[in-house]
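A.B. asks: quick one, fold the following:
(chains A and B)
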Amino acid sequence: MATGIKDKVAILGMGCSKFGERWDASPEDLMVEAYTEALKDAGISPEQIDAAWYSTHMDDVGTGRGGTPMAIALRLPNIGVTRVENFCAGGTEAVRAAVYAVAAGACDIALALGVEKLKDTGYGGLPVATVGTYIPQWYPNAVAPANFAQLASAYRAKHGVAPELLKRAIAHVSVKSHANGAKNPKAHFRQAVTEEQVLKAPIIAEPLGLYDCAGVSDGAAAVIVTRPDIARSLGKRGLVTFKALQVVVSNGWEMHSNEWDGSYVHTARIAAKRAYSEAGISKPRQEISLTEVHDCFSITELVTMEDLQLSDEGGAVRDVLDGVFDAEGRIPCQIDGGLKCFGHPIGASGIRMLYELYLQLQGRAGARQLPDPRIGLTHNLGGQPSQNVCTVSIVGLE
Amino acid sequence: MNVGIVGYGAYIPRLRLSRKAVVEANAWFAPQPSRSKGTRSMTNWDEDSITMAVAAARDCLGAMDRTTVRAVLLASATLPFAERLNAGVVAGALDLDESVAALDLTGSQTAALSGFAQAAALAAVGSGPVLLTAADARRTRAASSSELDYGDGAAAFLLGKDRPIAEILAQASITVDFVDRFRLAGQDIDYHWEERWVRDEGISKIMPRAVAQALAQSGVEAARVDRFIFPSTFAKVDAVLAKKCGIAPEAVVANLADTIGDTGVAHGLLLLAQVLETASPGQVIVLAQFGSGAQVLVLRVTERIKSFKPRLGVARWLDRGVIENSYTRFLVYKDQLQVERGMRGEQDKKTALTTAYRHHRAILGLVAGRCSVTGQVHYPPSRYSYTQGAPALDTQEPYPLAERQGTVLSWSAEFLSFHLSPPHQYGQIDFDGGGRILMDFTDVAQGDIATGTRVEMVFRIKDTDEVRGFKRYFWKATPVPGQPAPERT
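C.D. replies: I've put the predicted structure just below:
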């Protein structure tokens, strides 16, 4: 029986670039920003890093393939650098590789860094991706907003929610995130928005309007992990350790069978269950202090609250509107502003989520610091509701 | 047993372009105020002669066992491919048995009647029925009269020896290089000679000879002809010709000019299909078409006429039209106007032909895999089944989905991707009897789709590779006609 990674690995240091339309910055610059901060925070020299994992999704507008772009940008000391790609969940996938390497004893100190340079395409929205030679011959030339918007249509039908009510609930998701992001100097979007603004914004993919969609931005985030005993030997106290790290990938059941109802994310439910079990959490609503979830679209965040068992099934609309996930609510969500305000530099987002939990748990989150958080959860989702990669990680004070 | 018609069908695209919209837009340049009446049919952006032929064939074949079809012919002056058997694409979309013969016919407005003769000959010597399809979607220049005259459409006929609903009494041809129109290979748009010459020197002199020849062969006197079909864009030329041939004026079949226009190669068969929908046993029908000479077909309706009904037929295709008032939409769809596609429209649409062939039955025929153990339906078919916890290996058998209806599970309508009929709508379809596909919707307006909407499959263009000049086809979902407009759920 696997024992999991609970408390076997600690965060030694983290860094996060400023996210945004970084016209001034190449992917190499973004990596340097995140890495340099992480290295300084860890208080180690580069020679102490044993191995590195590098998450980036887009080949053609990013840095290209392989481990060399990061090894060269950061002048890493000829260690193993492995590129990791797992849709929008690649960042957490890189963290998992580093955490597992440390937990296995293969490395003492490992680096995971995610970066994406999305604003070198010449147009707004996520770049058009290639998907092999077979899928384009039958699958719609679909875009992410419409893939995720389908959650709304199925959710409305399943739970009998009036379109206007759901629209208002998902608007609140975005209003809340903007209020949080306004306080975060590293966020891309830093202005608050009103419910009216959100409701009146142009439709991108029915029923999602402009403010229901995450921004598109450039950014990088990095984490350096090690064993808790090594961290302590390096003088670290109040360690943030991994309690759980789960990756669940669709096997086509949702997309191909007639059994999934389209109103939730199947993999997220499995990942949450496994993560709670690995972390020894039996009452997530009481035990989780805050979450950073994959709010690529407002509707995704809403159904994720149910998938993570933080709302009852069919109850997220009410909980969202009641402010349960607001900054002052019972389980604040996206206290840093989320993908909504950071945008979604694909390979970086999972590590950016972790960065906020790390700051919050250490009491270093500045103007948006929550009172006494103990356990935080990241939910990093790649693909689309019917076919995806879902990761859930749980970290907490040791 | 003689060969005759054993089935028929038709297809008319849903969009009906308002001629008023065209005339008003072009009034500054080519005033044609008298041409403002009615509509013409126009293909959606994802339709062409192949897709319309498939639609007409499905209208004709209905639920019959298609494995008996021995040959498929496609007649069109607008075949999408100059090299690649267009009728072969039709055969693939209909999931006909691979032992089927397939043939393209083109080059003249009479191609469908040439095809009829070929199909009848093939059916006479073969062991099963022969499917003849005819379709046209012609390009025209902006502000031309052809733009107003023409329409897009298709027809399909099944010819065979088994209990025909109409028997062939005679077929006659005249071949003469009378060039009323031409289009060099590689060109898009026909060049026409003067109408008066075509009418007086061509139609008036050549057609009566061919009609007389056919009637003589059939042993039917001209005065006994019940229905006379002569498609032409020239006003009243059909009536004048009938009179010249000794055919009663009331026999002349109205040519649908006011509603759909002239559908080119397909039009004769389309009108024939319409006539058969209301025909009575014993009626004699003459179908004549002009082009590089003349072709004439004489048919007698049998007492079995009432035993066949097309799936929809011309009458119901006519009813399902939607008026299109945007002339620029028409111009864009007919490639006469370039719109800004945005950078998202730049994505390479190269088709890996190796992949396409490996999966040709799944793609062209929409054939899924049904697990012989659990009955679960897989699209696309796969080696392992999706059975949770117990994937079975190599248990799937071919399971066609194209003729099955389904229900929308989830959907969206988005304005982000490049699409020629925005918003781009797609969603998950659950098929009756199992199977799920996330697929495009077509022939829909905003608000037509909701969770629970009933849909059926149509064969359409999926993508066009403009760099290499290739089209790939796939199936799309469209609402089953006649259901109430969806409530927003």
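A.B. asks: need the next SSE after the host helix or strand of A:Ala244, C-terminal direction.
C.D. replies: Here A:Ala244, judged by DSSP states H and E, is contained in strand A:240-249. Later in the chain than strand A:240-249, the nearest helix or strand by DSSP H and E is helix A:253-256.
A.B. asks: in chain A, which spans are helices?
C.D. replies: A:27-42, A:68-73, A:90-103, A:144-159, A:163-181, A:195-200, A:228-233, A:253-256, A:266-279, A:284-287, A:298-307, A:316-321, A:338-342, A:349-361 (DSSP state H).
A.B. asks: and those helices: which comes nearest A:Gln246?
C.D. replies: Closest of these to A:Gln246 is helix A:266-279, at 4.5 Å (criterion: C-beta to C-beta). Just so you know, the C-beta spots here come from the backbone N, C-alpha and C atoms, and that holds for glycine as well.
A.B. asks: who touches the closest one?
C.D. replies: A:4-6, A:243-250, A:253-254, A:260, A:281-282, A:284, A:304, A:307-309, A:375, A:377, A:379, A:381, A:388-394, A:396 (C-beta atoms under 8 Å, 6 or more residues apart in numbering or on different chains).
A.B. asks: show me where pLDDT drops low in chain A?
C.D. replies: A:1 (pLDDT under 70).
A.B. asks: domains in it, by residue range?
C.D. replies: A:10-122+A:218-233, A:142-207+A:238-397 (automatic domain parsing).
A.B. asks: just put those in CSV and tack on distance to B:Ala156 and mean neighbour count.
C.D. replies: Converted to CSV, the domains of chain A look like this (distance: least, C-beta to C-beta, whole Å; neighbours: other C-beta atoms under 10 Å in any protein chain shown):
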stretch, distance to B:Ala156, mean neighbour count
domain A:10-122+A:218-233, 44, 22
domain A:142-207+A:238-397, 33, 22
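A.B. asks: as TSV, these with distance to B:Phe330 would be great.
C.D. replies: Shown next, in TSV, are the domains of chain A (distance: least, C-beta to C-beta, whole Å):
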stretch	distance to B:Phe330
domain A:10-122+A:218-233	31
domain A:142-207+A:238-397	26
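A.B. asks: read off the pLDDT value for the closest residue to B:Tyr333 other than its chain neighbours.
C.D. replies: The shortest distance from B:Tyr333 to any non-neighbouring residue, by C-beta to C-beta, 6 or more residues apart in numbering or on different chains, is to B:Trp45 (4.9 Å). Looking at B:Trp45, its pLDDT reads 98.
A.B. asks: for B:Trp45, what are its contacts?
C.D. replies: Contacts of B:Trp45 (C-beta under 8 Å, 6+ apart): B:Val332, B:Tyr333, B:Leu420, B:Ser421, B:Ile461.
A.B. asks: right, and out of these, which lies closest to A:Gly13?
C.D. replies: Nearest to A:Gly13 out of these is B:Leu420 (C-beta to C-beta; 51.4 Å).
A.B. asks: in the stretch 51-200 of chain B, which spans are helices?
C.D. replies: Assigned by DSSP state H, counting those that start in this stretch, the helices in the stretch 51-200 of chain B fall at B:86-93, B:111-125, B:145-149, B:195-197.
A.B. asks: assumed B:Gly345 was part of a helix.
C.D. replies: Yes. With DSSP: H, G, I helix; E, B strand; the rest coil as the criterion, B:Gly345 is part of a helix.
A.B. asks: count the neighbours of it for me.
C.D. replies: 16 (other C-beta atoms under 10 Å in any protein chain shown).
A.B. asks: ok, and the closest non-adjacent residue to it?
C.D. replies: B:Phe418 (3.5 Å).
A.B. asks: so is that neighbour in a helix, a strand, or just coil?
C.D. replies: coil.
A.B. asks: OK, contacts around it?
C.D. replies: Applying C-beta under 8 Å, 6+ apart to B:Phe418 gives the contacts A:Asn141, B:Arg341, B:Gly342, B:Arg344, B:Gly345, B:Gln347.
A.B. asks: close to chain B: what parts of the stretch 1-150 of chain A are there?
C.D. replies: A:121-123, A:125, A:128, A:133-134, A:136-143, A:145-147, A:149-150 (C-beta under 8 Å from any C-beta of the partner chain).
A.B. asks: contacting residues around B:Thr354?
C.D. replies: Neighbour list for B:Thr354: A:Thr133 [criterion: C-beta under 8 Å, 6+ apart].
A.B. asks: let me fix that: B:His359
C.D. replies: Contacts of B:His359 (C-beta under 8 Å, 6+ apart): A:Tyr134, A:Gln137, B:Pro380.
A.B. asks: follow-up on the earlier one: most neighbours, which of the contacts of B:Trp45?
C.D. replies: In terms of neighbours by other C-beta under 10 Å, the contacts of B:Trp45 top out with B:Tyr333 at 24 neighbours.
A.B. asks: give me the residue from the stretch 201-350 of chain A nearest chain B.
C.D. replies: Residue nearest to chain B within the stretch 201-350 of chain A: A:Ala205 (3.5 Å; C-beta to the nearest C-beta).
A.B. asks: A:Val143 is in contact with that residue, correct?
C.D. replies: Yes. Taking C-beta atoms under 8 Å as the definition, A:Ala205 is a contact partner of A:Val143 at 7.1 Å.
A.B. asks: now do B:Thr387 against A:Val95, distance only.
C.D. replies: As judged by C-beta to C-beta, to the nearest Å, B:Thr387 and A:Val95 stand 33 Å apart.
A.B. asks: swap that for B:Ala390, sorry
C.D. replies: For B:Ala390, the distance to A:Val95 - C-beta to C-beta - is 33 Å.
A.B. asks: burial check on B:Thr259, number of neighbours?
C.D. replies: Neighbours of B:Thr259 under the rule other C-beta under 10 Å: 16.
A.B. asks: specify the local secondary structure of it.
C.D. replies: B:Thr259 - assigned by three-state DSSP - is coil.
A.B. asks: that older thread, the strand holding A:Ala244 close to chain B?
C.D. replies: No. For strand A:240-249, no contact with chain B is found by C-beta under 8 Å from any C-beta; the gap never falls below 13.3 Å.
A.B. asks: pull that strand out as PDB, backbone CA atoms only.
C.D. replies: What follows is strand A:240-249 as a C-alpha-only set of coordinates in PDB (Å, rounded to 0.1, in the frame of the first residue of the first chain):
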ATOM      1  CA  VAL A 240       4.900  24.300   4.400                       C
ATOM      2  CA  THR A 241       4.700  20.600   3.500                       C
ATOM      3  CA  PHE A 242       2.800  18.600   0.900                       C
ATOM      4  CA  LYS A 243      -0.100  16.700   2.300                       C
ATOM      5  CA  ALA A 244      -1.300  15.300  -1.000                       C
ATOM      6  CA  LEU A 245      -0.700  15.500  -4.700                       C
ATOM      7  CA  GLN A 246      -3.000  13.700  -7.000                       C
ATOM      8  CA  VAL A 247      -3.300  13.700 -10.800                       C
ATOM      9  CA  VAL A 248      -6.300  12.100 -12.400                       C
ATOM     10  CA  VAL A 249      -6.600  11.800 -16.200                       C
END
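A.B. asks: now do that strand against helix A:90-103, angle only.
C.D. replies: Put simply, strand A:240-249 runs at 120 degrees to helix A:90-103, going by axes from the mean of the first three to the mean of the last three C-alpha atoms, to 10 degrees.
A.B. asks: and strand A:240-249, how far out from the chain middle?
C.D. replies: Remark: strand A:240-249 is offset 12 Å from the chain centroid, using C-alpha atoms, centre = their mean, to the nearest Å.
A.B. asks: one more: stretch A:26-42?
C.D. replies: For stretch A:26-42, the distance to the chain centre is 18 Å (C-alpha atoms, centre = their mean).
A.B. asks: check stretch B:425-440 too.
C.D. replies: 25 Å.
A.B. asks: equivalent analysis for stretch B:401-420, please.
C.D. replies: Going by C-alpha atoms, centre = their mean, where stretch B:401-420 is centred and where its chain is centred differ by 22 Å.
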